[in-house]
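[1] Dropping a prediction and its sequence here:
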Amino acid sequence: MFLRSEKAPFDSMHEECGVFGVYSSETRNVAYTVYYGLYALQHRGQESCGIAVSYNDKMDYYKGMGLVSEVFSSGKLEALPEGDIAIGHVRYSTTGASHLLNAQPIVFTGKCGKTAVAHNGNLVNTKSLRDELISDNAVFQTTIDSEVIAYMINKYSDGDILTGIKRACAKFRGSYCLVVMTTNQLVAVRDPYGIRPMVLGKSLDDYIVASETCALDAVGATYIRDLKPGEILVIDSNGLTSYFMDDVPKKSASCIFELVYFARADSVMDGQSVYDARKMAGKILAEKYGVEADIVSGVPDSAVVAARGYSEASGIPYVEALAKNRYVGRTFIQPDQAMRENVLNVKMNALRNNIQGKRLIIIDDSIVRGTTSKKIVRMLREAGAKEVHVRICSPIIKHPCHLGIDMQTYNQLIGAYRNEEQIAKVIGADSIRYLSIEDLVETCKCSNLDFCLGCFNGQYPYPSEETDKYKLE
Ligand code: SF4
């Protein structure tokens, strides 16, 4: 069970990144637009962030470790120049160490002049691409696949960024949403399966691209549409021009966990409201997997909407069972197993008066390792709950993800080799029930894309290049 981004230390999966780009018809403080856009995407990555600005055929950038508000304090934002194009990135590391060198955007001078690239996702064939580039004498500054992407685009360019992107994308396998900036073009790219999200919006004469619609709202932009799987959208002085990669599969494979957990509840992805999907999950849990109880509650924040849906459908009153500490900062946001063990009590606390003597249903979005679920159940019991029944808004996670989410081996997963009864026993719950895969897809029925369900059924759009990493040990 987990909280949103802040819960990262104890038991969760993590989104890799968020990307944002703006193309303005005039020179102005575009870095500010990116700053506010990244602020809205902060939940997608808290380790590092950066903004690059294109101005007068030049490019300037700033990157740092930490939250957007931390990195761009002390005049760092003001120091960026005015310009007409800018891109930004927030990062959580799923590949490559948590280090400033690995922060994005990646800015380099290549065949298209100054170029900046920001990436959300994870390539599964990074090793072979990297080997190809090393045999061309490429020297890597970072350990991330995003640098491989940048170099590939440059390698396959003939001086035209679109050519480089098209040819490089033909080589990429995996999930990638990109924003690429030259000194006169902004290009947004969504991988051929549409695994990661990307939307287009407009604010006055500015075009905006972003990982989620909540970032469009944050900068006052109007949503135009989602990028289609395999789309390469070029924004320049000619306006918008859309191109498509060759061989875009007929069936898309958008990551369903974006709707379950990663995305903000106020975002809409490919036609599906995140809020509605979560509410529906709670409703289905009540209707199909209900249990007699006095109160229902949700693990803050991402499961609260589902818990309200459960309450409405069941008639069982919704009561807050857990209070979250909203002031835990970056100190706790490190992907370090050692830190995961003892921070729950700092992150949240049980509301004793609300739950004492009560039979409680606690809703959560998903369970990865189970360590946090166990602690939460214990915390609720110690606070006086008579019974603790856990209901989960997704199916059992049985397989790892190699497409940009930080759950990489079977060993990490409590559900890899356990059924519901066994999981309930491990976490100390009176009962646990999960949505089925069919139920989960039903919660997202307004989406106009098909879904990747790999972590539930083991069927991924791309196999992993590093298969050993995913085997049961
Ligand atoms: S395996 Fe799971 S978490 Fe990974 S992309 Fe597919 S649905 Fe998303």
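    Now that the structure is in, tell me what you want to look at.
[2] tell me the SS of residue 372?
    Three-state call for residue 372 (DSSP: H, G, I helix; E, B strand; the rest coil): helix.
[3] any idea how far the ligand is from it?
    Counting by CB to the nearest ligand atom, to the nearest Å, the gap from residue 372 to the ligand is 18 Å. C-beta coordinates here come from the backbone N, C-alpha and C atoms, glycine included.
[4] Can you report how many residues lie near that residue?
    Counted with other CB atoms under 10 Å, residues neighbouring residue 372 total 26.
[5] cool, residue 112 as well?
    23.
[6] can you tell me how far it sits from the ligand?
    Residue 112 is 31 Å from the ligand, by CB to the nearest ligand atom.
[7] try residue 140
    Counting by CB to the nearest ligand atom, the gap from residue 140 to the ligand is 26 Å.
[8] Please name the bridge partners of the single nearest residue of the stretch 201-350 of the chain relative to the ligand.
    Closest to the ligand within the stretch 201-350 of the chain is residue 255: 3.2 Å, counting by CB to the nearest ligand atom. Residue 255 forms beta bridges with residue 452, as assigned by DSSP bridges.
[9] shouldn't it be in contact with residue 452?
    Yes - under the criterion of CB atoms under 8 Å, residue 255 makes contact with residue 452 at 5.2 Å.
[10] Can you tell me what sits against the helix or strand hosting residue 277?
    Following DSSP states H and E, one finds residue 277 within helix 274-289. Applying CB atoms under 8 Å, 6 or more residues apart in numbering, the set of residues contacting helix 274-289 from outside is 258-260, 263-268, 298, 302-303, 305-314, 316, 363, 365, 391-394, 433-435, 439-440, 442-444, 446.
[11] One more: stretch 119-127?
    16-19, 44, 89, 94-95, 104, 129, 145-146, 148-149, 171-178, 191, 195-196, 211, 402-405, 462-466.
[12] and the ligand, which of those contact it?
    On the criterion CB under 6 Å from any ligand atom, 195, 403, 405 are the entries of the contacts of stretch 119-127 that sit beside the ligand.
[13] For the first one, which non-adjacent residue is closest in space?
    The reference is to residue 195. Leaving aside its sequence neighbours, residue 195 sits nearest to residue 175 (CB to CB, 6 or more residues apart in numbering; 3.7 Å).
[14] what do you get for residue 33?
    Residue 33 sits nearest to residue 22 (CB to CB, 6+ apart), 4.7 Å away.
[15] Is there a neighbour count for the one you found? I'd like the number.
    Burial of residue 22 is recorded as 31 neighbouring residues (other CB under 10 Å).
[16] so how far is the helix or strand harbouring it from its chain's centroid?
    Assigned by DSSP H and E, residue 22 belongs to strand 17-28. How far strand 17-28 lies from its chain's middle: 20 Å, per CA atoms, centre = their mean, to the nearest Å.
[17] What of stretch 173-180?
    Centre-to-centre, stretch 173-180 and its host chain are 13 Å apart (CA atoms, centre = their mean).
[18] Can you give me every residue that contacts the closest residue to the ligand within the stretch 101-250 of the chain?
    Here the stretch 101-250 of the chain gets closest to the ligand at one residue, residue 195, 5.6 Å apart by CB to the nearest ligand atom. By CB under 8 Å, 6+ apart, the residues touching residue 195 are 121, 174, 175, 253, 254, 255, 403, 404, 452, 461.
[19] Give the burial count for the residue lying closest to residue 76 once chain neighbours are set aside, as a bare number.
    Closest residue to residue 76 apart from its sequence neighbours, by CB to CB, 6+ apart: residue 62 at 5.3 Å. Neighbourhood size, residue 62 [other CB under 10 Å]: 17.
[20] what's next to the host helix or strand of residue 62, contact-wise?
    Residue 62 belongs to strand 58-65 when elements are defined using DSSP H and E. Residues from elsewhere that reach strand 58-65 (CB under 8 Å, 6+ apart): 47-53, 70-72, 76-77, 79-81, 83, 98-100, 103-105, 107, 114, 116, 181, 183.
[21] What parts of the protein come near the ligand?
    By the rule CB under 6 Å from any ligand atom, the part of the chain lying against the ligand is 195, 255, 256, 257, 401, 403, 405, 452, 453, 454, 455, 460.
[22] If we use 5 Å, what do you get?
    Applying CB under 5 Å from any ligand atom, we find that the chain lies next to the ligand at 255, 256, 257, 401, 403, 405, 452, 454, 455.
[23] Now render those residues as JSON lines, adding pLDDT.
    Listed next are those as JSON lines, based on pLDDT from 0 to 100:
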{"residue": "255", "pLDDT": "96"}
{"residue": "256", "pLDDT": "96"}
{"residue": "257", "pLDDT": "93"}
{"residue": "401", "pLDDT": "90"}
{"residue": "403", "pLDDT": "88"}
{"residue": "405", "pLDDT": "79"}
{"residue": "452", "pLDDT": "97"}
{"residue": "454", "pLDDT": "95"}
{"residue": "455", "pLDDT": "94"}
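[24] Go through those and name the one nearest residue 139.
    Of all these, residue 139 sits closest to residue 403, with 27.7 Å by CB to CB.
[25] Report pLDDT for the nearest residue to residue 325 once chain neighbours are set aside.
    Setting aside the residues directly before and after it, residue 325 is nearest to residue 347 in space (CB to CB, 6+ apart), at 5.7 Å. At residue 347, the pLDDT value in this model is 80.
[26] List the residue ranges of this structure that fall below the pLDDT cut-off.
    Residue ranges of the chain with pLDDT under 70: 1-16, 93-98, 327-343, 465-473.
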